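**Q** this one's structure only:
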């Protein structure tokens, strides 16, 4: 089975570049140049140097002994929460900002849900001295206030998206509109493995450092690079793409994606795309999409702003369709409970997104010989208000 | 059903100063679609462009976004829209072009959509997020089989090579977006835009081009018509509909205000 993107930008039936003509020159420039740019030595040197000295990579692979005891398996946490800025998102923004320099762009735009990608973008823009505009749903600005202020401290302009549910989908719409209006001097740093080709592939490549490191680290821990399971939460799917990337051809390694069930998959307030979606076109690619029979996009819901998205990346849609990845989901309550559980057992307060991945451990049929790597994509500092409001700790 | 002669082709043949007007189906009220179309035809509008509302219209500015939302809240969907177009077609001969994002069409089924659109008397389609290659490889034959003309967009950043490619794959008109922007009215054209219009004129394309995005009044319509075969008005018309208390009279006055120059 081939899981790689093909020449036309497709993963099986998913992917492509469904963009208005106004964006064609930008996306085409990116498509025709990204592989040459990112595989050149000068790019690779700068990228890996920044990942090491600025982001703090490699991030540890931590054996979580008390969590392992609780779930009767050998559970390792890939500590992306220890990245500079607090989540894996910065791996991609470091890559894209170097790319933007190669493309000669002076201005950067981004969308953000939980604010982690916005912060990671504002951070690298400060680092490189580029102007930064971040679109964020108005609701998300309220539930992730600390990240809004972090972006502002870093010198970014944060613009509220006030359409739809005022969350990630709407922020993405506004960022795309901004790009249509400023095509010449602006690079759009998409934060997830979504959007028109080549974004899903490009972002996955930048995030693939996660599984590259897991393989090395696990080899020195257990003598081989292969866990039985790799578990990651999926909103758009960037941290999962990074954690799965170098395992996708290793078919004996089970890949588990965990989506946000919100208040329950069948409640109408959910973001569990593989359970509720069907093929459709949004934000430039054909993928699984939560939508009505008329093809109108359904507003998703999750307590976690980073998972509150009505689609998933086209690669994930393909992994789902081919059965290569198994998708589970966790409700708001299950995720919050898992977040508190991890805090109590391991002294790690996870981002609510990542807590969804922890919550899935209880839904897997594990035995004590199983080696499980959970990608702990982010830390919970930004979510304190949500933890406090939830209150059951 | 295959149209014997496409109304759009006929309307375009050798003509100038063509006025195309866009409005969103189901806006301001669900059942205004037919009456608005009739008024446009009565007042001499050359091409009627009816928008298929979508939840996430990324190429549109605030005015058309808002009209999409109202139309969806009113209960508009593609099935109802096609029924309304059919009713409109029974009353007017003006060419009708549907404009909308790809996903609703994809869910309806592209083949089924082509049949229903042709049956309703639609002459052309504008699907801004359907890429040229996808159209040519997967859908061109279907569109043409049902006598539907696909209309592609170009913008000031579209390369000459690509414009030629689009021209080769077009058979109605080319929709020249006046600036790198989402839809929405701007007051006047700048020098850069005029240069771009002149560049298009000098390319001697086989298809006529109509200029859209940023046409809002008699002056911008006149300028656009001097360079292209005509112009398309959208947001300015929608904004007028939004504040109108007497659609029939206001539409007449609006069209008069554009064409009197």
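**A** Everything's here; your move. Quick caveat: nothing in here was measured; it's all calculated off a predicted structure.
**Q** okay, CA-based contacts and neighbour counts for the rest of this
**A** OK.
**Q** quick one, what contacts residue 151?
**A** I went with chain A, as the question did not name one. Residue A:151 makes contact with A:118-119, A:122-123, A:157-158, according to CA atoms under 8 Å, 6 or more residues apart in numbering or on different chains.
**Q** my question was about chain B
**A** Applying CA under 8 Å, 6+ apart, the residues near residue B:151 are B:124-127, B:170-175.
**Q** report the buried residues of the helix or strand bottoming out on mean pLDDT in chain B.
**A** Here the helix or strand of chain B ranked lowest by mean pLDDT, DSSP states H and E is helix B:132-134, holding a mean of 92. Neighbour counts over helix B:132-134 (16 or more other CA atoms under 10 Å in any protein chain shown) mark residue B:132 as buried.
**Q** pull the residues that contact it.
**A** In contact with helix B:132-134 (CA under 8 Å, 6+ apart) are residues B:152, B:166.
**Q** roughly how far out does the helix or strand following that helix sit from the chain middle?
**A** Note on helix B:132-134: by DSSP states H and E, the next helix or strand toward the C-terminus is helix B:140-145. Remark: helix B:140-145 is offset 19 Å from the chain centroid, using CA atoms, centre = their mean, to the nearest Å.
**Q** from the contact counts, what lies against the helix or strand just after helix B:140-145?
**A** Following helix B:140-145 in sequence order, the next helix or strand is strand B:149-150 (DSSP H and E). Judged by 3 or more CA pairs under 8 Å, 6 or more residues apart in numbering or on different chains; DSSP states H and E, the packing partners of strand B:149-150 are strand B:124-126, helix B:140-145.
**Q** closest to residue A:322 out of those?
**A** The closest of these to residue A:322 is helix B:140-145. By CA to CA, the value is 29.3 Å.
**Q** now the closest one: buried residues?
**A** For helix B:140-145, burial by neighbour count (16+ other CA under 10 Å) applies to B:140, B:142-143, B:145.
**Q** got CSV for the residues you listed, with pLDDT and distance to chain A too?
**A** Converted to CSV, the buried residues of helix B:140-145 look like this (pLDDT from 0 to 100; distance: CA to the nearest CA, whole Å):
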residue, pLDDT, distance to chain A
B:140, 95, 16
B:142, 96, 19
B:143, 96, 18
B:145, 96, 23
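**Q** adding distance to residue B:38 as columns, could you present those residues in CSV?
**A** Shown next, in CSV, are the buried residues of helix B:140-145 (distance: CA to CA, whole Å):
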residue, distance to residue B:38
B:140, 30
B:142, 29
B:143, 26
B:145, 28
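**Q** and of the residues you listed, the nearest to residue A:113?
**A** residue B:140 (37.7 Å).
**Q** and chain B, which residues reach chain A?
**A** Residues of chain B lying close to chain A (CA under 8 Å from any CA of the partner chain) are B:54-61, B:77-78, B:102-108, B:128-131, B:153-155, B:157-159, B:180-182.
**Q** filter those residues to the buried ones?
**A** B:54-61, B:77-78, B:102-108, B:128-131, B:153-155, B:157-158, B:180-182.
**Q** can you give me phi and psi for the residue of the stretch 151-261 of chain B found nearest chain A?
**A** Closest contact between the stretch 151-261 of chain B and chain A, by CA to the nearest CA, is at residue B:181 (4.1 Å). When read as degrees, to the nearest 10, the backbone of residue B:181 gives phi -160, psi 170.
**Q** isn't it up against residue A:176?
**A** No: contact criterion CA atoms under 8 Å: residue B:181 and residue A:176 do not qualify, at 10.7 Å.
**Q** so which of the residues of chain B next to chain A belong to helices?
**A** Applying DSSP state H to the residues of chain B next to chain A, the entries found in helices are B:78, B:102-108.
**Q** where does the stretch 151-261 of chain B dip in pLDDT?
**A** For the stretch 151-261 of chain B, the stretches flagged by pLDDT under 70 are B:185, B:261.
**Q** can you do 90?
**A** Filtered on pLDDT under 90, the stretch 151-261 of chain B yields the residue ranges B:180-181, B:184-188, B:259-261.
**Q** which residues in it form strands?
**A** B:153-154, B:174-177, B:209-212, B:230-233 (DSSP state E, counting those that start in this stretch).
**Q** please identify which of these is closest to residue B:17.
**A** That would be, of those and by CA to CA, strand B:230-233, which comes in at 4.5 Å.
**Q** just checking: what are the partner strands of that closest one?
**A** Strand pairing for strand B:230-233, determined by DSSP bridges: strand B:18-24 (parallel), strand B:209-212 (parallel).
**Q** which residues of the stretch 101-250 of chain A lie near chain B?
**A** Checking the stretch 101-250 of chain A against chain B by CA under 8 Å from any CA, the hits are A:170, A:173-174, A:176-177, A:180-183.
**Q** export these to JSON lines and tack on pLDDT?
**A** JSON lines is the format used below for these (pLDDT from 0 to 100):
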{"residue": "A:170", "pLDDT": "93"}
{"residue": "A:173", "pLDDT": "95"}
{"residue": "A:174", "pLDDT": "96"}
{"residue": "A:176", "pLDDT": "96"}
{"residue": "A:177", "pLDDT": "95"}
{"residue": "A:180", "pLDDT": "95"}
{"residue": "A:181", "pLDDT": "93"}
{"residue": "A:182", "pLDDT": "93"}
{"residue": "A:183", "pLDDT": "91"}
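**Q** re earlier: tabulate the helices and strands packed on strand B:149-150 in a markdown table, adding columns for distance to residue B:191.
**A** Shown next, in a markdown table, are these (distance: least, CA to CA, whole Å):
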| stretch | distance to residue B:191 |
| --- | --- |
| strand B:124-126 | 28 |
| helix B:140-145 | 36 |
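**Q** which one of the ones you listed lies nearest to residue B:246?
**A** strand B:124-126 (29.2 Å).
**Q** with adjacent residues omitted, what lies nearest to the residue in the stretch 101-250 of chain A positioned nearest to chain B?
**A** The nearest approach of the stretch 101-250 of chain A to chain B comes at residue A:181, 4.1 Å away (CA to the nearest CA). Residue nearest to residue A:181 in three dimensions, not counting chain neighbours: residue B:181, with 4.1 Å by CA to CA, 6 or more residues apart in numbering or on different chains.
**Q** could I get the contacting residues of that neighbour?
**A** A:22, A:177, A:180-182, B:59, B:213.
**Q** out of these, which is most surrounded?
**A** Neighbour counts for those peak at residue A:22, which has 27 neighbours (criterion: other CA atoms under 10 Å in any protein chain shown).
**Q** tell me the phi and psi of it?
**A** phi -60, psi -30.
**Q** and the pLDDT for it?
**A** pLDDT recorded at residue A:22 is 94.
**Q** residues near whichever residue of the stretch 201-350 of chain A sits closest to chain B, how many?
**A** Across the stretch 201-350 of chain A, the shortest distance to chain B (CA to the nearest CA) belongs to residue A:295, at 4.2 Å. By other CA under 10 Å, the residues close to residue A:295 number 25.
**Q** not counting sequence-adjacent ones, nearest residue to it?
**A** What sits nearest to residue A:295 in space, not counting adjacent residues and going by CA to CA, 6+ apart, is residue B:104, at 4.2 Å.
**Q** that neighbour against residue B:54, yeah?
**A** Yes: judged on CA under 8 Å, residue B:104 makes contact with residue B:54 at a distance of 7.3 Å.
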